[in-house]
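What would the 3D arrangement of this be:
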Amino acid sequence: MKKAGLIAMSLGLSLVSVLAGCTKDEPAASSSPAATQTAKATTEPTVEPKATPKELSGELKVWSWFEWQKKEFEERHPKVTMNFNVQGFGEHHEKLQAVLAAGTDVPDVVLINPDFFGIYNNIPGLDDLQKPPYNVGQYKKDILPGQWERMLSLDGKRVWGFNLEMPPAVTFYRADLFEAAGLPSDPKELADHFKSWDNVIKAAETLKGKNQYLFTHANSPVGMFVDGNSPFNRELKFQWNNDNMVNLIEISKKLKQRGLASGVNIWEKEGDQAFAAGKTAAVHIGIWYTGDLQKEEKGGKDLAGKWRFTALPGGLGATSGGTFYAIPAGAKNKEAAWEYIKMVGGLDQKWYEDGWAKNPNWTAVPSYTQAFKWNNIKTSSPFFGGQDTRSTVADILTTMPGWTRTPIDNKAKDIFWKHVNEAIDKNTDAKAALQNAEDEINRTLAKDLEDLKNKMK
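All right, here's what the predicted structure looks like:
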C-alpha cells in the first residue's frame, strides 16, 4: 500500500471501477450514483417530490465517463433528446477544464469526481445552483450540513454542484471470524465497541493470534481520516497539526511495532488470496468496495453471508470517492439539465421508488433526507447476511464531516505523508512530525496559497 493508506486508492474509483458488468444505463451494485444521506431528518419536504414534471424540450448534452438513465429521462420528457459525450475518466476532466475556460460549445450537464473538486470549486464557468432556475437552497434544510459544505465553492459563497453520491468509508469485516474470536459481530454492537481505540488494538492482537488481521497497513488509522478529509480549512490554513492527528499517529505506531498489520496489497493477487483464506478479517475502505468483495477470487459465493460492514473505528467519519453534477454557465438547456440532476440526485420520489430503491444490492442513499420517509428504504442483503445495508449507510453518513477541496491538496498530502510515515516507521515524535509537515507545507506551497487567497478575494 502506498503512503496514503487504504482509502487513498478509492479516490477516483467510485464510479470507475464499479461499473464493470453493469449495463450502460444501470449503476453498479457496489455504488449506485444516487447520493448519500441519513434517515434521521424529521422535517417535511420543502417541495412536492411527486409534482408533475415540467414539459421540457430540446437537446440535453451530458459529459460523463459513463452513460446513465438516458432512457428513463427521455421517457419522462419525450420532447428532450439526451446526448452523452462519454470519455475516459482523465480525458473527461482535462477536456472539461479547457471547454469551461473557453466558454464556448459547453455541455448542459457535467459529472465531476472528487479528485478534481479542488479545481472546479474555485474557477469560473459553472453556474451557482442557488440562483434561478435551480434554487437549490430550498432543499438545504433537508441536506446534512456536511453534504452541503461540499457543495460550496472554495470561498463558501456559491453552490457549484450537487452531490450525486458521496460514499462513506466503512469497516467491512468477517462476522464469522469476529464471532469465533469472541468479538462483537453485530454491526451496531461492533461500531460501539470500536469507538475505543484500546478495544481496536486488543481486537487486532486477538485476531493476529489466529493469523487473521484487522488492518492491512499500519498507517491505516491515519489514512482513514486523511483520505476522506481536507488538509486546509476555508481560510487555507493547514488543519491536521492537532491532538487528534497525534493520537492517530500513535495508534499507527503501535500497529507497526506489534506487527498488527498484514502488509498485503488488496489490489494485487496476494490480496485476493488473503481475503479468500480468511487472513484479511477486515478492510477499511469506501462502501463502493461491496462489489469487489463479491469477486470469486476473493472468496465470492463461498463467503456470501459472512461479511458485514459498520462505521470506521475510533468514531472516525470519512468519505471515499463520490461524484457531483454541475451545470456550466454557458449551458443552453439549463431547465432540462436541472430536472435531470434532480431525478438522478435523489430529489425525485418517483425515480427513487421505481429505480434503485427496488435493488437490494445498491448500498447508496439519496442526498435528500426526506427520501427516508418514502417507501423501500430498507433492504436485506444476502451477501451481508441479511444486513439492512442502506439504513446502515444512512446512519454512518451522519458522522461525515464537511470539507472543501483545493487544487493543492495532493501536494500538501505528499508532504504530510513524508513526515508522518517516517514517524510511524522509525517510532519518532508525532508532534514534531506534524510541525515539520506544517512548516514545509507553508514554506513550499506559499505561492500557491497566496494565489488561491487572491482568487477568493
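
Only the buried residues of the helix or strand containing Lys256, if you could.
Secondary-structure assignment from DSSP states H and E places Lys256 in helix 243-257. Residues of helix 243-257 classed as buried under the neighbour-count rule (16 or more other Cβ atoms under 10 Å) are Met245, Val246, Leu248, Ile249, Ile251, Ser252, Lys253, Lys254, Leu255, Lys256. No exception for glycine: its C-beta is placed from N, CA and C like everyone else's.

Check stretch 143-161 too.
For stretch 143-161, by 16+ other Cβ under 10 Å, it's 143-144, 146-154, 158-161.

Mind picking the two most distant members of those residues?
Leu144 and Leu154 (20.1 Å; Cβ to Cβ).

give me every residue that touches Asn122.
By Cβ atoms under 8 Å, 6 or more residues apart in numbering, Asn122 lies in contact with Ser153, Leu154, Asp155, Thr406, Pro407, Leu452, Lys455, Met456.

which one of these is nearest Ser196?
Looking across the contacts of Asn122 and measuring by Cβ to Cβ, the closest to Ser196 is Thr406, at 33.6 Å.

Hmm, that closest one is touching Asn233, no?
No: the criterion here is Cβ atoms under 8 Å, and Thr406 misses it with Asn233 at 10.0 Å.

With neighbour numbers in mind, choose between these two.
Using other Cβ atoms under 10 Å as the criterion, Thr406 and Asn233 rank with Thr406 on top: 23 against 11.

you'd agree the more buried one is in a strand?
No: checked against DSSP: H, G, I helix; E, B strand; the rest coil, Thr406 lies outside a strand; its state is coil.

and Asn85, which of the three is it?
strand.

residues contacting the nearest residue to it once chain neighbours are set aside?
Spatial nearest neighbour of Asn85, chain neighbours left out: Trp63 (4.8 Å); criterion: Cβ to Cβ, 6 or more residues apart in numbering. Contact partners of Trp63, counting by Cβ under 8 Å, 6+ apart, are Phe84, Asn85, Gln87, His92, Lys95, Leu96, Pro107, Val109, Val110, Leu111.

can you check Lys332 too?
Per Cβ under 8 Å, 6+ apart, neighbours of Lys332: Gly58, Glu59, Lys61, Asp108.

And it, how close does it get to Thr389?
Distance of Lys332 to Thr389, computed by Cβ to Cβ, to the nearest Å: 40 Å.

can you check Trp160 too?
30 Å.

tilt between the helix or strand harbouring Arg443 and helix 243-257?
If you go by DSSP H and E, Arg443 is part of helix 430-444. For helix 430-444 against helix 243-257, the angle by axes from the mean of the first three to the mean of the last three Cα atoms, to 10 degrees is 120 degrees.

re earlier: now the contacts of Trp63: which count as buried?
Here, 16+ other Cβ under 10 Å leaves Phe84, Gln87, His92, Leu96, Pro107, Val109, Val110, Leu111 buried among those.

Tell me which of these fall in strands.
Phe84, Val109, Val110, Leu111 (DSSP state E).

Check which residues of stretch 287-298 are buried.
For stretch 287-298, using 16+ other Cβ under 10 Å, the buried residues are Ile287, Trp288, Tyr289, Thr290, Gly291, Asp292, Leu293, Gln294, Lys298.

Apologies, that question was intended for stretch 407-424.
Applying 16+ other Cβ under 10 Å to stretch 407-424 flags 407-409, 412-413, 415-417, 419-421, 423-424 as buried.

Reformat the residues you listed as a markdown table; add secondary structure and distance to Thr323.
As requested, the buried residues of stretch 407-424 are arranged in a markdown table below (DSSP: H, G, I helix; E, B strand; the rest coil; distance: Cβ to Cβ, whole Å):
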| residue | secondary structure | distance to Thr323 |
| --- | --- | --- |
| Pro407 | coil | 19 |
| Ile408 | coil | 22 |
| Asp409 | helix | 17 |
| Ala412 | helix | 23 |
| Lys413 | helix | 21 |
| Ile415 | helix | 28 |
| Phe416 | helix | 25 |
| Trp417 | helix | 25 |
| His419 | helix | 32 |
| Val420 | helix | 29 |
| Asn421 | helix | 30 |
| Ala423 | helix | 34 |
| Ile424 | helix | 32 |
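
Dump the residues you listed to CSV, plus pLDDT and distance to Lys342.
Formatted as CSV, those follow (pLDDT from 0 to 100; distance: Cβ to Cβ, whole Å):
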residue, pLDDT, distance to Lys342
Pro407, 91, 29
Ile408, 94, 33
Asp409, 93, 29
Ala412, 97, 35
Lys413, 96, 34
Ile415, 98, 40
Phe416, 98, 38
Trp417, 98, 39
His419, 98, 45
Val420, 98, 42
Asn421, 98, 44
Ala423, 98, 47
Ile424, 98, 45
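
quick one: which of these is nearest to Ala180?
When the buried residues of stretch 407-424 are compared against Ala180 (criterion: Cβ to Cβ), the nearest one is Ile424, at 30.1 Å.

that older thread, following the helix holding Arg443, which helix or strand shows up next?
Counting by DSSP H and E, the next helix or strand C-terminal to helix 430-444 is helix 446-456.

C-alpha coordinates for that next one, PDB please?
Extracted C-alpha coordinates of helix 446-456, given in PDB (Å, rounded to 0.1, in the frame of the first residue of the first chain):
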ATOM      1  CA  ALA A 446       3.400  29.600  -0.100                       C
ATOM      2  CA  LYS A 447       2.900  31.000  -3.600                       C
ATOM      3  CA  ASP A 448       0.100  28.600  -4.300                       C
ATOM      4  CA  LEU A 449      -1.600  29.500  -1.100                       C
ATOM      5  CA  GLU A 450      -1.200  33.200  -1.800                       C
ATOM      6  CA  ASP A 451      -2.600  32.800  -5.300                       C
ATOM      7  CA  LEU A 452      -5.700  31.000  -4.000                       C
ATOM      8  CA  LYS A 453      -6.300  33.600  -1.400                       C
ATOM      9  CA  ASN A 454      -6.200  36.300  -4.100                       C
ATOM     10  CA  LYS A 455      -8.700  34.400  -6.200                       C
ATOM     11  CA  MET A 456     -11.000  34.100  -3.200                       C
END
